[in-house]
Each structure stands twice: as structure tokens, then as C-alpha cells.
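**Q** This is a predicted model, with the sequence first.
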Amino acid sequence: MAITGSGQVTLADLQTEFGGSAPTALSEYYRGGSEGVPSGASSVPTSGEIKISDFYGTSAYTPTAATGGSTSDVTISGRSYRVHTFTSSGTFAVTTAGTEAEVEFVLVAGGGTGGNQKHGGGGGAGGYISSVVGEQSGANSSVVSKPSISNSTNYSITVGAGNSNMSNGSNSSAFGSTAIGGGRGASDGSGGATSGGSGGGGGAFESGPGSGTANQGNAGGSFQQSGVYPAGGGGGAGAVGDAGSGSNGGNGGGGISSSITGSAAVRAGGGGGATSPSGGTPGSGGSGGGGAGSEGNGTDGTDGFGGGGGGGERNGSSPQGGDGGNGVCIIRYPLEAA
């Protein structure tokens, strides 16, 4: 129950609201100190002169309470957080918004498939959006604002699939933000590279690379129209896909690292480009779940990371590009005052 907004307030009232043991003193109740006055109580000073009237309308820290996805509690820089991870679509159900009434999140769309048949470009990674303070969104852009949440409110979380067979990944969405699915890699005879969260890699006898979505990802790499026809790597959230060159397929672009779960992990890497099976070296998948290119079937992107699939090549009757990896949505909020 909040301290009254006017009139008489006693030290006993402060003890009841914020904790502490008698005898109490005003100096125990500086904002952000040991007795539970939250950092958001801006009327209360952190040091120096302090008055009873500074506490009008303030209240103790109330943590957010919510359900949805798989949950874990972690400690980050000495502060406890709860983390919700959605690897499939669901509902983030807020019971109590709490004192801060906002969350941080990382949202990744499904990765695009690698190119089929021959000279397959790597699939682009799913688009990457973050609201985590001090980190980055895709294409090394600034994070979006932390979304506000309300009591007794359900928030729909959509996690995009990586898909298969020459297709873009599916979009992911949460809190009004939409991450765009990764673009497919090009394939000789089966279609050109497409744009997406990050663009697919280009392939010989088809098109140049697909482009990435602003503030979510990067373009795929270009191809070489000679020799072993190395295809370009798919774009990643953190870097453009490498071009196919000489006898080497392009590597997938790297993803972006986040410590939203308390441990650093890179997500949204692009798929590697294929080469002809006559002496070439396929491109590797980009860091963050990108699948490797191949002289046969491309490697799938990693589920839960939104990685692009690796490009396929004609060392077999019907080579396939790797599937894109499914996306993810990760949400966190503090359980205690800063």
C-alpha cells in the first residue's frame, strides 16, 4: 500500500512500507538503498537532506508476475531476473505489471532456406529485434524502446518457423514489433534469392543477393559466374553474407550476441553458399545458427536461433537446400529493485 500523498507520515509508516527494524531513522530510506525504497521513487533523494514529505505517494518495489513459455531465474550484475523463452507461439500473460511495468526482449524470425538443385545460395537469417539496454538490434542498429505492460493483460507472442523447399522464413512478432523472416537463397533453375530479415545469397545463372530489412539484418553475398560457380552466403543479423569467390562458397553472415538470459549467445546467422562438386569448398554457416553450404544437401539452420539454411549443390539426384531455423522470443524482467 503506497504512502499517503499528503498529511502526516511517520517513521513507522515508512518501516511498514519499506522494511527495516526499530528504532528507525530517515537516513535509512534513501532511494535505491538497503531498505527497499525503489530507484523509481524519484522524489526521494539518494543522499544528503531527506524529508518526510519526500515520501508522499511512494511505495515499495513490486516485481512483475507473468506466465508463458519456459521460465528460468538468473542473476545478472547482482540483480535477479526472470526469463521467459518462447520457441513456439504462445501467450505472455501478465498478472501484475509491477513497479517498473516494462520488459526487455529479443525477437528473432525464422531463417530462409538455402537454394536447391545447384549453385544454391545460403538462406538469410531471420530478422532480429532487441529492446535489451546496452545491446543491439539487427544490422548493428539501436535497440527499440522497452515495451510497457499492464496488469491482467495477455500479450500474443508469434514465433516464426524456418520453413523448407525454397521459401522465406516466417515472421515473428511481440509487443507491437515484427521481425521479418529470412530470405531464401538463389538456385540455378529454381528461382532467385529473395529479400527478408536478412537477404538470401545469390547464385549463378539466377540473381544477385537479396537485401536485408532495415534495423533487422543484412544483405546476402553475391555469386561468381565462372569456375565452380560458388554461391553467396546468406546475410546475418550482424554482418553481410560473404561473396562466393574463386573455389569457395561464401560464408554466411554472422549473427548478434545477446546476454538476455544471463549467458552470451549469438543468434540469427546466415547460411553458407554451395559450390560445384568439382573441387570447390562450400561456405560455412554464420555464427548464430547458420547452416553450412554443401556439395550435396545443405545443412539446416538451427532452431531457436533463426539461422539461414545452407545452399545445396548437384552432387546427387535432387539436392536440397537446408531448412531455415525456427525463430525465438525471449523476455526478461527484474524481480527486485536495482
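**A** Cool, the structure landed.
**Q** C-alpha from now on. contacts and neighbour counts both.
**A** Noted.
**Q** What values do phi and psi take at Y128?
**A** Dihedral angles of Y128 (phi, psi; degrees, to the nearest 10) stand at phi -130, psi 120.
**Q** burial count for it?
**A** 39 (other C-alpha atoms under 10 Å).
**Q** which residues touch it?
**A** V106, L107, V108, A109, S137, G138, A179, G197, Q216, G217, A237, A268 (C-alpha atoms under 8 Å, 6 or more residues apart in numbering).
**Q** at 7 Å instead, please
**A** By C-alpha atoms under 7 Å, 6 or more residues apart in numbering, the contact list for Y128 reads L107, V108, A109, S137, G138, A179, Q216, G217, A237, A268.
**Q** partners of it in the sheet?
**A** For Y128, the beta-bridge partners under DSSP bridges are V108.
**Q** distance of T62 from T96?
**A** Noted for T62: a distance of 8 Å to T96, by C-alpha to C-alpha, to the nearest Å.
**Q** hmm, back to that, so can I have TSV of the contacts of Y128 showing pLDDT?
**A** Shown next, in TSV, are these (pLDDT from 0 to 100):
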residue	pLDDT
L107	99
V108	99
A109	98
S137	98
G138	98
A179	98
Q216	98
G217	98
A237	98
A268	98
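**Q** Throw those residues into TSV and include distance to F92 and neighbour count, thanks.
**A** TSV is the format used below for those (distance: C-alpha to C-alpha, whole Å; neighbours: other C-alpha atoms under 10 Å):
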residue	distance to F92	neighbour count
L107	14	31
V108	16	36
A109	18	40
S137	22	25
G138	23	30
A179	17	30
Q216	23	30
G217	26	39
A237	25	45
A268	23	45
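**Q** Just the ones of the residues you listed in strands?
**A** The strands, defined by DSSP state E, take in L107, V108, A179 from the contacts of Y128.
**Q** from these, which is closest to G312?
**A** V108 (24.1 Å; C-alpha to C-alpha).
**Q** my guess is that closest one meets V328, correct?
**A** Yes - counting by C-alpha atoms under 7 Å, V328 is a contact partner of V108 at 5.3 Å.
**Q** Please, where are all the helices along the protein?
**A** Assigned by DSSP state H, the helices in the chain fall at 11-18.
**Q** Break it down into its domains, please.
**A** Listed by automatic domain parsing, the domain ranges of the chain are 11-55, 62-338.
**Q** Just the endpoints, please. Distance across the longest one?
**A** Looking back up the chat, that one is domain 62-338. 12 Å.
**Q** roughly how far is it from the heart of the chain?
**A** 8 Å (C-alpha atoms, centre = their mean, to the nearest Å).
**Q** please renumber so the chain begins at 6
**A** Yes, from this point I'll number from 6; that puts the last item at domain 67-343.
**Q** show me where pLDDT drops low in the stretch 56-205 of the chain?
**A** Across the stretch 56-205 of the chain, not a single residue meets the criterion (pLDDT under 70).
**Q** For the protein, which segments count as strands?
**A** Taking DSSP E as the test, the strands found in the chain are 70-72, 75-81, 84-91, 95-101, 109-113, 133-135, 158-162, 177-179, 182-184, 261-263, 270-272, 333-339.
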